[in-house]
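J.: Got a predicted structure plus its sequence, pasted below:
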Amino acid sequence: MSTQTFEDQLVEHRVYLMRFARLQLRNDAWAEDAVSETLLAALSKPQAFGNRSQLKTWLVGILKHKVIDVIRCHTREVCAPDTQADTEGDELDRLAFKVDGHFVEPPASWGDPHQTFQQRQFFEVLDACMERLPPALGRLFLMREWLELSSQEICKELALTPTNLYVQLHRARLRLQECLNIHWFGQRTR
Amino acid sequence: MLKFTLLRRTCKQAAALTIAREDRALKLNDAVALRLHMMACKACPEFENQVLTMRAAMGKWRNDPAVEDAKP
């Protein structure tokens, strides 16, 4: 391992960085740009890390800044509304409520989270569910959950009204929850 | 009587508030109403568990490099 150059180590993490960049930006060219910028920035200040995870965490930190730069350059495209079919209807109605506002079918138990999180496949399903979100919805959701921006910061960056942002985040969260219900938890309770 | 209806929420409203809480602070009356609803309802605490599990899952996904490393 010690014969590996810093450059080699960086290249090893390219695929990992691309996954996050693609998921956040939903545009391959932008993702390539952000990851290249990240690797260049890292190369310009090589440092030694005790293990792979530390290097990774450092790279992801740089990537987040580069991704925000990309988002700033493409604000209009980033929050261009998804097609009608993608955004129609009130997401809560998918859960099916009676006229009096009660659940038609009560939500299923998701069991012990610690047990769930020990299963690698769970995170693969979670990834796939995030990928399935329509692009604009997915970007907003990941700005919250991956870039960890506050709702106020997102509104400022993208010139969105809070109401608009909350409606979209609400949709994204319910869709993810539904997707996990179907593709992970449904399967296991059967 | 008026007070009572002010603090009454349907399951649909409670679910909306539970989700909204992930991204914004609730108004005081909504927060109180949600709490009261949770105490009286069987279905909504389960919905809340799902939301909290999602929150924990996203935290783990975002912060644990090993999660991705473990992939083939």
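T.: Sure thing, it's come through. In this text, all values refer to a predicted model and were calculated from it rather than measured experimentally.
J.: Check the spacing between the residue in chain B that chain A sits nearest to and residue B:33 real quick.
T.: Distances between chain B and chain A by CB to the nearest CB are smallest at residue B:10, namely 2.4 Å. In short, each C-beta sits where N, CA and C put it, glycine included. Distance, residue B:10 to residue B:33, by CB to CB, to the nearest Å: 11 Å.
J.: how close does the residue of chain B closest to chain A get to residue A:97?
T.: Distance of residue B:10 to residue A:97, computed by CB to CB: 8 Å.
J.: ok, the most centrally placed residue in chain A - contacts?
T.: By CA atoms, centre = their mean, chain A has its centre lying nearest to residue A:142, at 3.6 Å. Contacts of residue A:142 were listed using CB atoms under 8 Å, 6 or more residues apart in numbering or on different chains, and they are A:23, A:24, A:130.
J.: Kindly list the longest helix within chain A.
T.: helix A:52-73 (DSSP state H).
J.: ok, now chain B?
T.: Using DSSP H, we find that the single longest helix of chain B is helix B:43-63.
J.: residue of chain A with the smallest distance to chain B?
T.: Across chain A, the shortest distance to chain B (CB to the nearest CB) belongs to residue A:101, at 2.4 Å.
J.: my guess is that residue meets residue B:15, correct?
T.: No - between residue A:101 and residue B:15 there is no contact under CB atoms under 8 Å: 9.3 Å.
J.: More neighbours: which of those two?
T.: More neighbours sit around residue B:15 than around the other of residue A:101 and residue B:15, counting by other CB atoms under 10 Å in any protein chain shown; the figures are 26 against 14.
J.: Excluding residues flanking it in the chain, which one is nearest that one?
T.: Nearest non-adjacent residue to residue B:15, counting by CB to CB, 6 or more residues apart in numbering or on different chains: residue B:47, 5.4 Å away.
J.: How much space separates the one you found from residue A:12?
T.: Noted for residue B:47: a distance of 41 Å to residue A:12, by CB to CB.
J.: Repeat that for residue A:101.
T.: 53 Å.
J.: can you check residue B:48 too?
T.: Taking CB to CB, one finds residue B:48 at 41 Å from residue A:12.
J.: Neighbour count for these two, which is higher?
T.: residue B:48 (20 against 13).
J.: The residue nearest to the more buried one when sequence neighbours are not counted: neighbour count?
T.: Spatial nearest neighbour of residue B:48, chain neighbours left out: residue B:18 (5.2 Å); criterion: CB to CB, 6+ apart. By the criterion of other CB under 10 Å, residue B:18 has 22 neighbours.
J.: Any regions of chain B where pLDDT drops low?
T.: B:1-4, B:65-72 (pLDDT under 70).
J.: so where is chain A shaky, pLDDT-wise?
T.: Using pLDDT under 70, the flagged stretches of chain A are A:1-3, A:84-94, A:187-190.
J.: what about 80?
T.: Applying pLDDT under 80 to chain A flags residues A:1-4, A:48-52, A:79, A:81-96, A:187-190.
J.: how's it carved up into domains?
T.: A:6-73, A:79-189 (automatic domain parsing).
J.: Please identify which of those is closest to residue B:52.
T.: Nearest to residue B:52, of all the domains of chain A, is domain A:79-189, at 7.9 Å by CB to CB.
J.: Correct me if wrong: residue B:49 contacts residue A:108.
T.: No - the criterion here is CB under 8 Å, and residue B:49 misses it with residue A:108 at 9.8 Å.
J.: show me what contacts residue A:69?
T.: Going by CB under 8 Å, 6+ apart, residue A:69 touches A:34, A:37.
J.: Try it again at 10 Å.
T.: By CB atoms under 10 Å, 6 or more residues apart in numbering or on different chains, residue A:69 lies in contact with A:33, A:34, A:37.
J.: any idea which of those residues has the most stuff around it?
T.: Sorting the contacts of residue A:69 by how many neighbours each has (other CB under 10 Å) puts residue A:34 first, at 27 neighbours.
J.: Since that was my last question, I'll sign off now.
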